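Student: following is a predicted model, sequence given first.
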Amino acid sequence: MSNKGKEKKNKKRIPELLAPAGSKEAFIAAVEAGADAIYCGGKLFNARMSADNFDLDEMAEAVAFAHKRLVKVYVTVNTLIKDEEIEEALRYAEKLWEIGVDALILQDIGLAYLINRCLPDFPIHLSTQGTIYNLDGVRAAAKLGFSRVVLARELSLDEIKAVTEGTTVEIEVFCHGALCYCYSGQCQMSRAIGGRSANRGACAQPCRMKYEEGFSLSPKDFSSIDYLAEFRDAGVRSLKIEGRMKSPEYVATVVSIYRKYLDELYIKGSYKLSSEDRKKLAQAFSRGFTDLNLNGNEAEEDIMSGSSPKNKGLEVGSVISQKSIGKKGGKKRGEKTGKSDRYILEVDLIEELSLGDILEIEGYPDSSFTLTYLEKAGAHYLLGDIKTLVKPESKVNRLVSAELNRDASIYFKSKDWTGGKYIRKVPLEIDATGTASGSIKITFKEPITGMLAKVELTGIERSSDEADCRERIVSSLSKLGGSAFDASGIRMHGDFCFILPVKEINALRREAVALLEEKLIGRREAIDIEKALAESKIEIENAGDTFEFYLYEVPNKKDNPEFFNGLGGLLETVRDKGMTPAVLFPAAEIDKVDAGLKELADSLDAQLVPYVSNVSRGKEDELIQANREEIMRFCKEHDAPIYLGNLSQIELLSGFANEGVELRYDFGVNVYNKWAAVAVASLGLKEGAPSLEVDDYHFGSKPLMIIGHDNPLSEIQDKRGRRYMLMKPWYSDQVRLVENAPDSLDDALSTASGKTNEFIRYYVI
């Protein structure tokens, strides 16, 4: 089932299949269906806090279950962490280390800094929330101690290959499941609309909300089942299936299909996806599928889910006609005519249906019903029953397949951590050696890891019936049905002329199984982290003592002199302290620093400072590379630093520091605690702007999303009437979704008092 152990024979090894588990049933389903590794969250600090998740005792059971089957477990500790939480997070990581977790998936680089020093042998993976999109970013992550990087989902195959060819760091990519509209780690939309932070584990899914303009932010689901060979050839180490909030049926179905074709690719060197399996993937859950940017930037209509953000399932037919069958349960007193009418649909089917399927009529979001009646009627079928009046020729979609779910249930139904009729077995090589002195030695060997379990029984009474004893030993050692193991072969060596009761042979077998399981589970000795923790408590200047005000040049503000004049009052406290405020402008626009921008800076007695966007992938990077010397000359002439929005840009501008230009981190780096500030300082970013998650420092027209593809809209409005701008700077391949600029600066002025540095981010669009 798994391809482990075959890698030495294959020049291009098959990527690891990494499956999600938000519950016990989903975890067991993923293992049984063929995952090489599972990622799951605990009760603390994970980005899917609304999943069931696992407490430490459950996590220990899950790790044991997986490791006995040679499956790795990675635990998500992938939220930004406050200063006052970070020691708790470290001690939580310490417990995960002890129970044998294979790696941690992190977003917070401050926690990574501490784990590197206090638990240095614990592998850490940088989550896709780290927003790494190029080789330079991977190299920066490696310097921070990450052994694996999960790349941004927006990359093409060529971009992925350019990364893998330039690094020995393991590269993980998403291969299937739901997509965020924003680059992961850069989204503030959930906080803006619902006060719930995606970077703190409480995303309210604003992507799936309906706006005045429709479901403007809801993408289709990602599927790369057709690209497995390309991922292999690109050197991708791990393929991640999204879905910690999904059902165990979904996990079982998707994992089993990807496992099937990865194995076929390994054995044959190629594979051909069946139409049936493609339908199963859509049926498991689908808003429609997209391969996003794997072959280059897709058009907006190829990415977005359209009129509904929900599961669309699989098209199974179309409506021919509809007839009423009256009211279910009869008319109640006071009930209006037609209120509870039930209908039978005459449908032209293109797929077989089963009772228990859940169907929905496309375009009628409240029309879903469970199929309780199915009858052949000539060339068509009669389906029932449904409450909704629908138009002829409407598509019928199956949201849930009762048959597919029944098939998927074999992977997890009636199974527990320690009992059940398991599908997945680890083959063992078993050797039994008998001696004339009356002893028997049993060796269980797991050939992939090479782990051994040896047990021995001595003082056995001799017998003349050697053949009978051999037969009993072989029979007993073969009975591994209740364990995770299977006997691939039993070899007998030596003299077995024993009087040896079956119960004693069984006891030897159970002892060997328990010993091998204990070794495979791999629990670790506790580590005393106190000394390393004390040494790591470096006193640094509070990097959050700033005031950030974001201003965009937009039509409703740029001709409003009173608004711009108000900026002077915003900065009075800074001038009183002898500090110099700054107006930040895009470094990519270095040759367009016009008189108007200089006039604004002069009127505010402010310094002009260049910055690089949170995601500068594509055109912006090219412009910065082409104008490096001019940007550097500007910074030196104006004694100005340059702000970097991403770890991926440090290498791009590495020569600046040698010329005396200070590199600073911008809010996109997500420095959320003092430990993160220490971590980025080791990369040369000594100070900067904290994460947007730090509420007290960011005001005005804040950026809420960075989007990797075009959106034809210029503005959207939520159900509360709040409007948001969608802007694409000429110098960038990324779209920015931002809050509308405030009508008044009063709120910002009231919060400015006491801050020591103030910045205005001024975008020239």
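Tutor: Looks like it came in fine.
Student: my read is residue 455 is in a strand, agree?
Tutor: Yes - Residue 455 sits within a strand when classified using DSSP: H, G, I helix; E, B strand; the rest coil.
Student: tell me the helix or strand right after the longest strand along the chain.
Tutor: Secondary structure of the chain per DSSP state E: the longest strand is strand 314-327. Using DSSP states H and E, the helix or strand that follows strand 314-327 in sequence is strand 341-349.
Student: contacting residues around that next one?
Tutor: For strand 341-349, the surrounding residues in contact (C-beta atoms under 8 Å, 6 or more residues apart in numbering) are 316-328, 373, 377, 379-390, 396. Backbone N, C-alpha and C define where each C-beta goes, glycine included.
Student: does the helix or strand following it pack against any helices or strands, and if so which?
Tutor: Later in the chain than strand 341-349, the nearest helix or strand by DSSP H and E is strand 358-361. Judged by 3 or more C-beta pairs under 8 Å, 6 or more residues apart in numbering; DSSP states H and E, strand 358-361 is in contact with strand 369-370, strand 395-400.
Student: looking at these, which is closest to residue 70?
Tutor: strand 395-400 (32.6 Å; C-beta to C-beta).
Student: name the residues of the following helix or strand past the closest one that are buried.
Tutor: The first helix or strand that comes after strand 395-400 along the chain, using DSSP H and E, is helix 402-409. The neighbour-count check on helix 402-409 (16 or more other C-beta atoms under 10 Å) flags 402, 404-405, 408 as buried.
Student: for the residues you listed, give me CSV that also has distance to residue 92 and pLDDT.
Tutor: Formatted as CSV, the buried residues of helix 402-409 follow (distance: C-beta to C-beta, whole Å; pLDDT from 0 to 100):
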residue, distance to residue 92, pLDDT
402, 41, 97
404, 37, 98
405, 35, 97
408, 33, 98
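Student: looking at the helices and strands packed on strand 358-361, which is buried most?
Tutor: Counting by mean count of other C-beta atoms under 10 Å, strand 395-400 has the highest mean neighbour count of the helices and strands packed on strand 358-361, with a mean of 21.
Student: partners of that strand in the sheet?
Tutor: Using DSSP bridges, the strands paired with strand 395-400 are strand 314-327 (antiparallel), strand 358-361 (antiparallel).
Student: rewinding a little: right, so of the helices and strands packed on strand 358-361, which gets closest to residue 625?
Tutor: Checking these against residue 625 by C-beta to C-beta gives strand 395-400 as the closest, at 47.7 Å.
Student: alpha carbons only: can I get the closest one in CSV?
Tutor: Written as CSV, here are the backbone C-alpha positions of strand 395-400 (Å, rounded to 0.1, in the frame of the first residue of the first chain):
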residue,chain,number,x,y,z
LYS,A,395,-29.2,20.3,-13.4
VAL,A,396,-29.5,17.7,-10.6
ASN,A,397,-26.3,17.4,-8.5
ARG,A,398,-25.6,14.6,-6.0
LEU,A,399,-24.0,16.2,-2.9
VAL,A,400,-23.5,13.0,-1.0
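Student: the residue lying closest to residue 489 once chain neighbours are set aside: which element?
Tutor: Sequence neighbours aside, residue 429 is the residue nearest to residue 489 in space, at 6.1 Å (criterion: C-beta to C-beta, 6 or more residues apart in numbering). Assigned by DSSP H and E, residue 429 belongs to strand 426-435.
Student: in that strand, what counts as buried?
Tutor: Residues of strand 426-435 classed as buried by neighbour count (16+ other C-beta under 10 Å): 426, 428, 430-434.
Student: and if you look at stretch 671-690?
Tutor: Residues of stretch 671-690 classed as buried: 671-681, 683-690 (neighbour count, 16+ other C-beta under 10 Å).
Student: and that stretch, how far from the chain's centre?
Tutor: When distances are taken as C-alpha atoms, centre = their mean, to the nearest Å, stretch 671-690 is centred 24 Å away from the chain's centroid.
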